[in-house]
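Chemist: here is my input; please provide its structure:
(2 chains)
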Amino acid sequence: MKRVKLTLLIPLITLCINGTLLADAERYYLAQLRIAGNRITNEEYIRSFITLQEGRMYDLDGILSEINRSRDNLEKTGLFSQIFFNDELDEKGNLSIIVQLKEKNYLFFGPTGFIVYEDEHIFSDAGLYFSYENLFGNGGSVYGEFPVYENVGMLLRAQGAQRKFSLSAEVEYVRSLNEGDTFSRISPEATYRYRETLSFGILSSLNIDSGSSLLFQPFLETGRKKRYSLKMKRWAYGRFAPFYGFYFETGSYYGVDFEARFHRDLLLKILYNLRVGAVLQGGDVPENLILTADVRGTYPQSRTGNKLFSVVNEFHIPLPWEESVVIVPFIDANLLGYSSLDFLFGGGIGVHLFTKYQNPLVAEIAFGKGVMLNLRKRF
Amino acid sequence: MKKKYLIILLGFLTLLILSLLTAGINRKPVEITFWHSMSIYQGDTLERMVQEFNDRSPDVKVKLIFQGLYNDMKTKLLTAAKTGDFPDIAQIAIEYMDVFIYDRKIDPITDYISEDDKSDILPQFWNGVTRERDIYAFPFNQSVQVLYYNKDAFRKAGLDPEKPPKTWSEVIEYGKKLTKDFDNDGSVDQWAVLISLEGVFGFTPLIRQVGGEFLNEDRTKALFNTAEGVRVMQLLQDMAYTYRIMPSNWTLFEGTNAFLQGKIAMGPITCAGIKFAEENLPWELGIAPLPYIENKSVLLGGAGIVIFTKSSARKRAAFDFIQWLTSKDNTILWHEQTGYLPIRKSAIESFELQSFHRTHPNYRVPIDQLPYSRPPDFTPYLPQIDQIIRYAIENIMINRKEPRQILDLSADKINDLLKKEEQK
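Modeler: Numbers count the residues shown, from 1 in each chain, chains lettered A, B, ... in the order given. Sure thing, here's the model as predicted:
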């Protein structure tokens, strides 16, 4: 009998304790959620990242968890330099949360290209670029590059808002001033984000030079390309993309494109970046898709092939007294060719300067088959 | 008649235009000079905050000038005292304030402080800037020491990285596992611990942890040359020579570098370095409360903002800026972006900070130590006393002198110094 009573008593006491705890737990009615500080970014777009819901009751644990989830989502957009959740509680116990944001600068521009002295010749590719990283206030981006020397034309890339399903497109038109021939391309791309670090999609590309060809390239992406928080000490990114293309007049071509990137924070914000790539092609490859050398210090067009294995190693060392100046020693290597592969090797040192409008301004001196001044960033 | 009215009207209009113009001229903002001691990322954060204030405030502009670390600042202010060329406001370490209070170079600001500020800012922080019931500075960047430890080193030594040592006895126990000679060449490659033996500031919390005091309440006599003081020094000697878990002759600079490189597994360091350490270390950083011997006690350090200007208009402008700088929102930002303690209750209780502490638990540890934090024993002679104690510790730790003898000699010197003050 005693045992039966005790058996009944224990759940009863447990219930009472839980009931008391529940009654004691602070609960908040979220009456209002306001967004402040956004001059460019759409409020609706910002709200899509915030998991707190107006008109809901929260306990302290719930509200803090949702704030952190929302903060994390907003951080990952890369659009804000400061995210601050302010709270106001009125006399009736109604809670207002004000998401106070500071937007980053979204417009960047600068020079791009290279000058290389190799085999007693000077080759160059010089141009200007701009990028805007919060297009229409919804996290889209646009990138433009304009060659101004030897070639003229434009490369425009537009990326839609960062959502589950996103679209992007690239348009390129280049005219060689020396030879007078032209090349144009239009490449729409659709991406579906299956999970936070797993996406897949398809890219198609219509290329027009001496003939016209159409390419289809499904792809799978995993990991993170960019660091969104200094708490990330190691991160990686991978992309696997087989492709198939055909000429309207003649044959077809095919191949596979693979890229992996590894980033590691070593000490005092010194970053080690490694990029490993492989491209294998077969069939009647269009002229503009023929693989060229990808080693700083060597003129890209001096070597071609249909198989390319590449490695890029960079250390990013910010100056301790001026973090906006980063010293970048690097080593690149390629195996490139058709049936037999050439080994190409290059290395050098660069200065990356981060300013309000340059992210960053790059100047690198590289030694490979020649000597190169490079103005293009690799990571 | 009409002409007369026209002249009056014209005269009135001229007066109106003149008064508007004068009002325009009078709206020229007041420029406040602010000498500060915040370097690297803390300086960057302060610069950004001041820039924001200047952008927002049409009437007051702040000119920020870096004057070196606390000691340099003290020297520069002492030089300024001779020429009368003080800045409007300056950031002074709480232990150096007495030098200027004693010489009547700064006035109390007690009357300027609102009741809201008095109740919202925690009493520990007011203690640091109050002398005999008068407040001489506004608390700003305040810090306590916490135990920094390398979680990776703990894992490699088979220790649970989520259970850091709570007492100095546990530090010794952990230390035996953490001190490593990886290449077996007879020299230690990884030390377990380094205690910064930086004079008064290293010694005071430890002597308080065994129930002792550094100076008496009237600041007329040294109290550290007692059994308690000897016990503390003996503990340090034991860690270096008996248990061999701590290098005996490393400076704070050497120790910090070794810690960054993973050559020291743990050590007490100011909480003001948490942000830097979390962002710059390649291994996982753990922060734990400062270990204790018998009682929990930590030293409250840092600086307050002192107003030097005597002009009431500039004083008011300076105070407007200081209140903005130490507002609830800026207190939160300052804490999140530096690691310094949040000085306001409203900031600590805010959802922003509570949620931040969930993802950054290291920042919460120094706040939990506040109930048993105390500032050092203030006296205008603290800089000289600090030098005497540094010399004493050097003799005990490097030359392995008898602690009792050295502490007695140091106490005599300090008592002489304090006696001179009493006789004045």
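Chemist: enumerate the residues of the stretch 201-350 of chain B near chain A.
Modeler: Taking C-beta under 8 Å from any C-beta of the partner chain as the criterion, the stretch 201-350 of chain B approaches chain A at residues B:L260, B:Q261, B:E278, B:E279, B:N280, B:L281, B:P282, B:D329, B:I332, B:L333, B:S350. The C-beta positions use only the backbone N, C-alpha and C, and glycine is treated the same way.
Chemist: so what would you say the end-to-end distance of stretch B:357-370 is?
Modeler: Distance between the boundary residues of stretch B:357-370 (C-alpha to C-alpha, to the nearest Å) amounts to 16 Å.
Chemist: near chain A at all, it?
Modeler: Yes - among the residues of stretch B:357-370, B:R358, B:T359 lie within reach of chain A under C-beta under 8 Å from any C-beta.
Chemist: of the residues of the stretch 201-350 of chain B next to chain A, buried ones?
Modeler: Buried residues within these, counting neighbours by 16 or more other C-beta atoms under 10 Å in any protein chain shown: B:L260, B:E278, B:E279, B:N280, B:L281, B:P282, B:D329, B:I332, B:L333, B:S350.
Chemist: can you report how many residues lie near the residue lying closest to A:L60 once chain neighbours are set aside?
Modeler: In space, not counting the residues next to it along the chain, A:L60 is nearest to A:E26; the distance is 5.3 Å by C-beta to C-beta, 6 or more residues apart in numbering or on different chains. A:E26 has 10 neighbouring residues, counting by other C-beta atoms under 10 Å in any protein chain shown.
Chemist: run a quick neighbour tally on residue 118.
Modeler: I went with chain A, as the question did not name one. A:E118 is surrounded by 16 other residues when neighbours are defined as other C-beta under 10 Å.
Chemist: that's the wrong chain, I wanted chain B
Modeler: 12.
Chemist: tell me the contacts of it?
Modeler: B:W126 (C-beta atoms under 8 Å, 6 or more residues apart in numbering or on different chains).
Chemist: neighbouring strands of the host helix or strand of B:I269 in the sheet, and parallel or not?
Modeler: Of the helices and strands defined by DSSP states H and E, B:I269 is found in strand B:264-270. When pairing is defined by DSSP bridges, strand B:264-270 lines up against strand B:138-150 (antiparallel), strand B:191-193 (parallel).
Chemist: residues in contact with it?
Modeler: Surrounding strand B:264-270, the residues in contact under the criterion C-beta under 8 Å, 6+ apart are B:143-150, B:153-154, B:157, B:164-165, B:171, B:174, B:178, B:190-196, B:255-256, B:258-259, B:277, B:290-291, B:301.
Chemist: where in the chain is pLDDT low?
Modeler: Because you didn't say which chain, this covers chain A. Within chain A, the stretches with pLDDT under 70 are A:1-25.
Chemist: let me rephrase: I mean chain B.
Modeler: Judged by pLDDT under 70, the stretches of chain B that qualify are B:1-27, B:197, B:421-424.
Chemist: report the central residue of it.
Modeler: Among the residues of chain B, B:G302 comes closest to the average C-alpha position under C-alpha atoms, centre = their mean, at 1.4 Å.
Chemist: and that residue, backbone torsions?
Modeler: According to degrees, to the nearest 10, the main-chain angles of B:G302 amount to phi 110, psi -160.
Chemist: list the contacts for residue 161?
Modeler: No chain was given, so I picked chain A. With contacts defined as C-beta under 8 Å, 6+ apart, the neighbours of A:A161 are A:Y45, A:F136, A:N138, A:G139, A:G140.
Chemist: meant chain B, my bad for not saying
Modeler: When contacts are counted by C-beta under 8 Å, 6+ apart, B:P161 is found next to B:Y149, B:K151, B:D152, B:F154, B:R155, B:E284, B:G286.
Chemist: which secondary structure element is home to whichever residue of the stretch 101-250 of chain B sits closest to chain A?
Modeler: Minimum separation of the stretch 101-250 of chain B from chain A (C-beta to the nearest C-beta) falls at B:D152, amounting to 11.2 Å. Of the helices and strands defined by DSSP H and E, B:D152 is found in helix B:151-156.
Chemist: how does chain A divide up, domain by domain?
Modeler: Segmentation of chain A into domains, based on automatic domain parsing, reads A:2-103, A:107-374.
Chemist: what's the most buried one of those?
Modeler: Taking mean count of other C-beta atoms under 10 Å in any protein chain shown as the contact definition, the stretch among those with the greatest mean neighbour count is domain A:107-374, which reaches a mean of 16.
Chemist: how far does that domain stretch from start to finish?
Modeler: End-to-end distance of domain A:107-374 (C-alpha to C-alpha): 22 Å.
Chemist: please report phi then psi for A:I115.
Modeler: In this entry, A:I115 is assigned phi and psi values of phi -130, psi 130 (degrees, to the nearest 10).
Chemist: repeat that for B:R244.
Modeler: On the backbone of B:R244 - angles per degrees, to the nearest 10 - the values are phi 50, psi 50.
Chemist: check the secondary structure at A:E91 for me.
Modeler: coil (DSSP: H, G, I helix; E, B strand; the rest coil).
Chemist: returning to that earlier point: which one is the residue of the stretch 101-250 of chain B closest to chain A nearest to, not counting chain neighbours?
Modeler: Of all residues beyond its chain neighbours, the one nearest B:D152 is B:W283 (4.2 Å), with distances taken as C-beta to C-beta, 6+ apart.
Chemist: any idea how far B:P205 is from that neighbour?
Modeler: Per C-beta to C-beta, to the nearest Å, B:W283 is found 27 Å from B:P205.
Chemist: then B:Y243?
Modeler: According to C-beta to C-beta, B:Y243 and B:P205 sit 21 Å apart.
Chemist: which one's more surrounded, the two?
Modeler: When B:Y243 and B:P205 are compared for neighbours, B:P205 comes out ahead with 25 against 16, by other C-beta under 10 Å.
Chemist: okay, and the more buried one sits in which element?
Modeler: Assigned by DSSP H and E, B:P205 belongs to helix B:199-209.
Chemist: contacts for the helix or strand just after that helix, please.
Modeler: The helix or strand immediately downstream of helix B:199-209 is helix B:227-237, counting by DSSP H and E. Under the criterion C-beta under 8 Å, 6+ apart, residues B:168, B:195, B:197, B:203, B:206-207, B:209-212, B:246, B:293, B:393, B:396-397, B:400, B:403-404, B:406-407 lie in contact with helix B:227-237.
Chemist: give the next helix or strand downstream of helix B:227-237.
Modeler: Using DSSP H and E, the helix or strand that directly follows helix B:227-237 along the chain is helix B:252-260.
Chemist: okay, angle between that following helix and helix B:199-209 too, please.
Modeler: Orientation note: helix B:252-260 sits at an angle of 70 degrees relative to helix B:199-209 (axes from the mean of the first three to the mean of the last three C-alpha atoms, to 10 degrees).
Chemist: packing partners of helix B:252-260?
Modeler: Using 3 or more C-beta pairs under 8 Å, 6 or more residues apart in numbering or on different chains; DSSP states H and E as the contact criterion, the elements in contact with helix B:252-260 are strand B:264-270.
Chemist: now the phi/psi pair for A:R224, please.
Modeler: When read as degrees, to the nearest 10, the backbone of A:R224 gives phi -120, psi 140.
Chemist: with adjacent residues omitted, what lies nearest to it?
Modeler: A:W235 (4.9 Å).
Chemist: can you list contacts of the host helix or strand of the one you found?
Modeler: Secondary structure assigned from DSSP H and E places A:W235 in strand A:234-247. Strand A:234-247 is contacted by residues A:203, A:205, A:207, A:211-225, A:227, A:252-265, A:284, A:286, A:289 when judged by C-beta under 8 Å, 6+ apart.
Chemist: could you redo the last one with a cut-off of 7 Å?
Modeler: A:211, A:213-225, A:227, A:252-264, A:284 (C-beta atoms under 7 Å, 6 or more residues apart in numbering or on different chains).
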